[in-house]
Structure formats: C-alpha cells, structure tokens
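Student: Attaching a predicted model along with its sequence, questions to come.
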Amino acid sequence: MFAVFGTICALTAIIVSIKRVYQAFRELGRVIRTIFLLKYINNSEMRSTIHAATNKSESFNNFSQWLAFGGDGTISTNDRDEQRKIIKYNHLMANCTIFHNVFSLSRALHNLRQSDYPLDAGLIAALSPYPTHHINRFGRYDQDPGRCPPDLDYNLWA
C-alpha cells in the first residue's frame, strides 16, 4: 500500500516538474517572439524583406491554386497520402508552367536584345513568372518525351 502511495507521489512530483518546464519554455517563447516583434518594428529593411518574401509566396500560392482543377481548391479526400500526392502534383504542374513562362520570357528578352532594343534592368526585375492569360488549362496537349527545349544563353547582359 505504501509502495503505491510512494509511486503516486513520485509521479505527481514528476508531473509538476514537467509542467514547470513547459511553463518555462512557453515564457521563453513569448520573450523570443517579443524580441522579434521589437526588431521588426524598429528595422524597416527587415520589414521590407519579409514583405517581399511573403508576396513571393502568396504569388506562387495564387498561381498554384489557379492551376488546380475542380472545386474551390479544397481537397475532397481525408487520406493523408492522397492529399500529399495532390499537392505534389499541383506543385509539379506549377513549377513546369513557371519554367515554361520563364523560358518564353527569356527568349523574348534575348530577341529584343538581339534587335538592339534598350532593356531596363529594373523593368526586367519586375517581370513575373506567374502570368496566366496565355494558358489554356482545359486544352489538349500532346507530349513528346524526346523533345528538348533549345539552348538558352542565361547571360542577358553579355
């Protein structure tokens, strides 16, 4: 009987110490978050960097959601593996479409450069790889696995 009581007391002491450790880590997390927020408020360069990164992520997510087929972007299955598969396929399609867009934009910029058209680096930096007006999502596409894109010179300013 005393052994059971001793075990219960020991477990209670362990639970209390675990709760204290949890509370200490929770408070430490609050301190870290407060320090970050103070740095964020004080540093305009940090705010603009975070804002730019957030805009890039949101642009990709909007583009990826636009490419998704059916419904309002919700995944109708509760199977975790199927959800992951759908997300990975959607990201694969988004990345392939972005590659196509960047390749087409690069080729057009090279053609402009070849015809001695003045290119502004600031305007080129503002180009987006997410245009959708030229994409026919519901069209028929033929695949040729042997077809490769032509070589592209990545150095536009040479």
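Tutor: Looks like it came in fine. Numbering: from 1, shown residues only.

Student: after the helix of greatest length in the chain comes which helix or strand?
Tutor: Of all the segments of type helix in the chain, defined by DSSP state H, the longest one is helix 2-42. Next in sequence after helix 2-42, counting helices and strands by DSSP states H and E, comes helix 44-67.

Student: Contact partners for Ser59?
Tutor: Ser59 is in contact with Ser128, Tyr130, counting by CB atoms under 8 Å, 6 or more residues apart in numbering. (Glycine included, C-beta is placed from N, CA and C.)

Student: And the pLDDT at it?
Tutor: Listed pLDDT for Ser59 reads 93.

Student: Next one: it from Asn43, what distance?
Tutor: According to CB to CB, to the nearest Å, Ser59 stands 24 Å off from Asn43.

Student: thinking again about what came up before, show me what the longest helix of the chain is packed against.
Tutor: Of the remaining helices and strands, those touching helix 2-42 by 3 or more CB pairs under 8 Å, 6 or more residues apart in numbering; DSSP states H and E are helix 44-67.

Student: and if we set it to 6 Å?
Tutor: Packing contacts for helix 2-42, counted by 3 or more CB pairs under 6 Å, 6 or more residues apart in numbering; DSSP states H and E, involve no helix or strand.
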